[in-house]
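Undergrad: Sequence isn't available, so here's the structure alone:
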């Protein structure tokens, strides 16, 4: 069974509302490709999932959970490309 963090679960559940706002949901994962593909299939995810195998994205956004290694804190970010 694949579990989503609370922010990721809320994003998945509200994808229709996000699209009405002309926004997009992207997930960034440090998981290997096979695990990420399995998660997409198991959960029926329809939003973009990006690979971050070296963890550079989570480092740049400052969401590394060092207490648990080099994994990210469960996080939802809103990025405004207009500014």
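TA: Alright, I've got the coordinates. These numbers come from a predicted model, not from an experiment. Numbers count the residues shown, from 1 in each chain.
Undergrad: Show the contacting residues for residue 58.
TA: Under the criterion of Cβ atoms under 8 Å, 6 or more residues apart in numbering, the neighbours of residue 58 are 28, 30, 52, 64, 70, 71, 72. In short, each C-beta sits where N, CA and C put it, glycine included.
Undergrad: how far away is residue 71 from residue 15?
TA: To residue 15, residue 71 is 24 Å away according to Cβ to Cβ, to the nearest Å.
Undergrad: likewise residue 22?
TA: Shown here: residue 22 relative to residue 15, a distance of 13 Å by Cβ to Cβ.
Undergrad: higher neighbour count, these two?
TA: Remark: of residue 22 and residue 15, residue 15 carries more neighbours, 14 against 6, as counted by other Cβ atoms under 10 Å.
Undergrad: could you check the distance from that one over to residue 61?
TA: According to Cβ to Cβ, residue 15 and residue 61 sit 21 Å apart.
Undergrad: next one: residue 37
TA: Counting by Cβ to Cβ, the separation of residue 37 from residue 61 is 24 Å.
Undergrad: what would the contacts of residue 58 look like in CSV with neighbour count and pLDDT?
TA: Shown next, in CSV, are the contacts of residue 58 (neighbours: other Cβ atoms under 10 Å; pLDDT from 0 to 100):
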residue, neighbour count, pLDDT
28, 18, 83
30, 19, 86
52, 16, 88
64, 17, 88
70, 12, 81
71, 15, 82
72, 20, 82
